[in-house]
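J.: Take this sequence and fold it.
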Amino acid sequence: MIMSRVILLPLLSSLFLFLFQGCASTRSNFTPITPSDSPFSTTPSTPYPGSTTPGDDQGPSTSPGSSSGSSSPTTRTTPTPDNTPYTCDAATPAVVGTYRGSFEGSSTQGVSLQFAQPKKIGVMAVDKKMSLFLPAFEGKPVLFYLRSITKSSYIKWTVSTVSIFMPPPSGRSVLPTFRGTALKQIPHTSANSHFGNPLTKNYVHPSSSPQPGPPPTWKPLAKFGGPLTSELPPPSTLDAEGLGHAANTAARDRVKGTSPYWQQLKDRALAIAPAMEPRDCALLLNAFSRVRLCDQQLFDTLAPVVEAKLLYFTSVHLAMVFSAFAKTGESFLSALSREVGARVHEFHSPVEICMLLNAMTKLGLVDLGLFTRWSKHVQARMSQEPFHVRDLSVIASALARVIKHHTVAEGGRQKKEEEDSTAALNAALDPLTDTMDLIAGRALATLGEATPMELARLLLAFTSDSGGVIIPPKQLLESSLECARDKLMFMAPAELVNVAFAFGQVRESLTSASDIALLDASIFERLRFSAVSSAPLFLASEVAGLLQVYSRWRIPFGHSDLAVMVSRLVATADKCDAEVACNAAYCASMIVLNTAKSREIAPSALMESLRKLLQSYSPLIVSSAATLELGAIAKFVEAMSNTAHSDRAVMDALARSLMASPARVVELGRSKRTCHMLIESFIAHGFDPEEDLMLTLREQREGGGGGGASSS
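T.: So this is what the prediction gives:
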């Protein structure tokens, strides 16, 4: 019994194969298409070879003069039932539809065709490896070919039709080409196809010779160069909906705020303002705010339109309007606040909640009743779906600012004996503080997915933003610093500077010495190491920003590391502007001065590098003395004093600038410390103490304002 089955199965398979090939051979033979054949195309007025009338099933055909049946399409146009041309495209994801008459089409992704009877398939190789597959397809049925190419073929057949769906072969660069006689055209649209509809493109085989045309030109990406406004639709021809979309596109593609295109958008918006819908207003206003344009006329014109249609704004559009109207009147803000307060429970997703709370914070809205409702709503949503740490940081920052306003600002006005009022205030703030505690616990789950800036924002919410009212949990602080430390080595110089400033603010608000030591060891030591190791990538402004953070908060910066950064400043001196030069020189000298106060004497090599830096900056300061702010020049002079560097040319330029503008001398009277430092520097450089400038400076020092130090 078993032996009979073993013998019977091969016989049945051979019989089925013979019948299958017999049906396929009733038409003209077909051989695999090779890339070396001549191109071929048809037009609606020329019958396709092998077909007497459009729509008759005449079997597959070949190009004229190709008796072997081989052809290589460069651009193939196939007649459809209504005798109109249809063009196949290999660059698009799929060949669309099946057709009456002979058909040839190609796809790099997949194809679904319906043939009158099984046909053979030819495969063109596009690399040397796939050329080995060509001989295997000759004289075998469709079923075998498809399974030879891919294991995930889908084949469905009836008595007279065969439907094929073939996804691309995994890891193979192959271009499948199908030829056969189809029953009818079945267009594939987005509703019935996985691939779309390339009805307007031409199929050009990759092996065909390139057509003559204009030479290729380089065009910068929108990220770097921005789009040409000529490619955007002219605003004068747009309706309200198109205007909103055009503004959103311009902001997304980074069209600069100085472009005339924004003025054209504004003029068109003023003309059709009454016809604009909530979505149009939101997109337009949000686009203007994203490019830092605050046109009061435009905002005043759209404010009544927005206020009249507030009921129809979605949560996202409300957030956009809140962000845009950061400088509007109190009446309009109160209308927005009432609308948001009445629709708190319509906001469900974390993104919507964060957008709106962030916008409200930017506008300075601190209504306790409104944020109490928001706190309870956030707690309810957090119990139903997870919130990412980036969302939690935004929510925590908004709530912390409200808490700070109602405890620090309001508490300062209250008298000590008003214990009842204080107790009532604490009770009113309980929903907000409870939400902050919940955020501190939930944030631990996704800390590893947050960026250092998001972690810094989260810690700021529990420190400086709350005015010290809320103390960050120890576990949250330690885990956040550990996650941020591990990512610092992979950040660009500009990102390192931003992270340093953010964590500098966190350091300023910490009160525990152990927490400050942990922050210095986790973040600022790793920041310094990362900056020094990538110093050749830093610009002068980025070096100045980093040194400013370390000098402002007196964070330790090793002398050897400082020497590396000073060398980078010397190397970029010719590409530095005067204000950055003054700031960089001052911050570097202050770091040396701070370490000297800690009894760590700076090595002579470092001091020599600083003097060399000041000398390289000297011509720039002299040429810019008349236009530089007085505070910037004072920083440079103080850097000279800290490093015992003498430069008569700089002092002469400063003296000429002060004598030419007496108002600048009066400005010095606001800081006795600055006046005293300049007097000592002028005397050290040989200026006569009895000169008019020196006498004027003494008068300002004696009668000047408070002795504020030069800001870093």
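J.: hey, where'd the strands end up in the chain?
T.: In the chain, strands defined by DSSP state E lie at 77-79, 85-87, 94-95, 101-106, 110-115, 121-125, 154-157, 162-165, 174-182, listed in chain order.
J.: roughly how far apart are Leu432 and Met607?
T.: To Met607, Leu432 is 52 Å away according to Cβ to Cβ, to the nearest Å. C-beta here means a position set from N, CA and C on the backbone, and glycine is covered the same way.
J.: Comparing those two, which shows the higher neighbour count?
T.: More crowded of Leu432 and Met607, by other Cβ atoms under 10 Å: Leu432, with 24 against 19.
J.: Start and end of stretch 302-313, how far apart?
T.: One end of stretch 302-313 sits 14 Å from the other (Cα to Cα, to the nearest Å).
J.: and that stretch, which residues are buried?
T.: By 16 or more other Cβ atoms under 10 Å, the buried positions in stretch 302-313 come out as Leu302, Ala303, Val305, Val306, Leu310, Phe313.
J.: again with stretch 562-582
T.: Neighbour-count burial for stretch 562-582 [16+ other Cβ under 10 Å]: 562-566, 568-570, 572-573, 576, 578-582.
J.: Could you pull out the helices in the stretch 351-500 of the chain for me?
T.: Remark: helices assigned in the stretch 351-500 of the chain by DSSP state H, counting those that start in this stretch are 368-382, 389-404, 410-413, 419-442, 452-461, 474-487, 493-509.
J.: Export these as CSV, with columns for distance to Leu693 and mean pLDDT.
T.: Output for these, formatted as CSV (distance: least, Cβ to Cβ, whole Å; pLDDT from 0 to 100):
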stretch, distance to Leu693, mean pLDDT
helix 368-382, 56, 92
helix 389-404, 46, 92
helix 410-413, 44, 52
helix 419-442, 56, 84
helix 452-461, 45, 93
helix 474-487, 50, 93
helix 493-509, 37, 94
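J.: Tabulate those (JSON lines), appending distance to Leu630.
T.: Listed next are these as JSON lines, based on distance: least, Cβ to Cβ, whole Å:
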{"stretch": "helix 368-382", "distance to Leu630": "43"}
{"stretch": "helix 389-404", "distance to Leu630": "34"}
{"stretch": "helix 410-413", "distance to Leu630": "34"}
{"stretch": "helix 419-442", "distance to Leu630": "44"}
{"stretch": "helix 452-461", "distance to Leu630": "33"}
{"stretch": "helix 474-487", "distance to Leu630": "38"}
{"stretch": "helix 493-509", "distance to Leu630": "25"}
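J.: List phi and psi for Asp688.
T.: The phi/psi pair for Asp688 (degrees, to the nearest 10) reads phi -70, psi 120.
J.: For the protein, give me the ranges with low pLDDT.
T.: Scanning the chain for pLDDT under 70 picks out the ranges 1-230, 326-333, 409-421, 596-600, 704-712.
J.: what domains does the record give for it?
T.: 24-182, 220-334, 343-414+423-528, 534-712 (automatic domain parsing).
J.: count of neighbours near Ala625?
T.: Neighbourhood size, Ala625 [other Cβ under 10 Å]: 24.
J.: I'd like to know how far it sits from Thr435.
T.: Per Cβ to Cβ, Ala625 is found 54 Å from Thr435.
J.: List the contacts of Thr407.
T.: Thr407 makes contacts with Leu425, Leu429, Gly467, Val469, as judged by Cβ atoms under 8 Å, 6 or more residues apart in numbering.
J.: hmm, try it at 10 Å
T.: Contact analysis of Thr407 by Cβ atoms under 10 Å, 6 or more residues apart in numbering lists Thr422, Leu425, Asn426, Leu429, Ser466, Gly467, Gly468, Val469, Ile470.
J.: now Glu608
T.: Ala563, Val566, Thr643.
J.: Would you enumerate the residues in contact with the closest residue to His676 other than its chain neighbours?
T.: Leaving aside its sequence neighbours, His676 sits nearest to Arg701 (Cβ to Cβ, 6 or more residues apart in numbering; 5.7 Å). Residues near Arg701 by Cβ under 10 Å, 6+ apart: Leu668, Gly669, Ser671, Lys672, Arg673, Thr674, Cys675, His676, Met677, Leu678, Ile679, Gly707.
J.: Can you report phi and psi for the third one?
T.: Recorded main-chain torsions at Ser671 are phi -130, psi 110, according to degrees, to the nearest 10.
J.: What is the neighbour count of it?
T.: By other Cβ under 10 Å, neighbour count at Ser671 equals 24.
J.: gap between the spatially closest residue to Leu628 that is not a sequence neighbour and Gly364?
T.: Leaving out its chain neighbours, the residue that sits closest to Leu628 by Cβ to Cβ, 6+ apart is Ala578, at 5.5 Å. The spacing between Ala578 and Gly364, counted by Cβ to Cβ, is 35 Å.
J.: do Val255 as well
T.: Distance from Val255 to Gly364, counting by Cβ to Cβ: 29 Å.
J.: How about Leu302?
T.: Between Leu302 and Gly364 the computed distance is 21 Å (Cβ to Cβ).
J.: can you check Thr463 too?
T.: Distance, Thr463 to Gly364, using Cβ to Cβ: 20 Å.
J.: Between these two, which has more neighbouring residues?
T.: For Thr463 versus Gly364, neighbours defined as other Cβ under 10 Å are more numerous around Thr463 (23 against 10).
J.: so what's the nearest residue to the more buried one once chain neighbours are set aside up against?
T.: Nearest non-adjacent residue to Thr463, counting by Cβ to Cβ, 6+ apart: Ser509, 3.7 Å away. Neighbouring residues of Ser509 by Cβ under 10 Å, 6+ apart: Leu459, Leu460, Phe462, Thr463, Ser464, Asp465, Ser466, Gly467, Gly468, Pro472, Asp515.
J.: Compute the number of surrounding residues for the fifth one.
T.: Translated: Ser464. A total of 17 residues lie near Ser464 under the criterion other Cβ under 10 Å.
J.: can you check the second one too?
T.: Neighbourhood size, Leu460 [other Cβ under 10 Å]: 21.
J.: Ala380 now?
T.: With neighbours defined by other Cβ under 10 Å, the count for Ala380 comes to 10.
J.: I'd say it and Phe347 touch.
T.: No - applying Cβ atoms under 10 Å as the test, Ala380 and Phe347 come out as separate, 11.2 Å apart.
J.: Which ones among the contacts of Arg701 map onto helices?
T.: Leu668, Lys672, Arg673, Thr674, Cys675, His676, Met677, Leu678, Ile679 (DSSP state H).
J.: residues touching the residue lying closest to the last one once chain neighbours are set aside, list them.
T.: In this case it means Ile679. Once flanking residues are discounted, Ile679 sits nearest to Leu697: 5.2 Å by Cβ to Cβ, 6+ apart. Each residue near Leu697 by Cβ under 10 Å, 6+ apart is listed here: 658, 665, 668-669, 674-676, 678-679, 682, 689, 691, 704.
J.: ok, so what distance separates Ser604 from Ser646?
T.: Per Cβ to Cβ, Ser604 is found 17 Å from Ser646.
J.: ok, those two, which is more surrounded?
T.: Taking other Cβ under 10 Å, Ser604 and Ser646 do not tie; Ser646 has more neighbours (14 against 8).
J.: Find the nearest non-adjacent residue to that one, please.
T.: That would be His685: by Cβ to Cβ, 6+ apart, it lies 6.3 Å from Ser646.
J.: can I assume that neighbour is in contact with Ile679?
T.: No - His685 is beyond contact range of Ile679, at 11.2 Å (criterion: Cβ under 10 Å).
J.: His685 - how many residues pack around it?
T.: Neighbourhood size, His685 [other Cβ under 10 Å]: 18.
J.: can you pull the contacts of it?
T.: Contacts for His685 (Cβ under 10 Å, 6+ apart) come out as Val637, Met640, Ser646, Asp647, Arg648, Ala649, Val650, Met651, Asp652, Leu654, Ala655.
J.: Likewise for Cys281?
T.: With contact set as Cβ under 10 Å, 6+ apart, Cys281 has these partners: 240, 243-244, 269, 273, 302-303, 305-306, 309, 313, 317, 320-321, 324.
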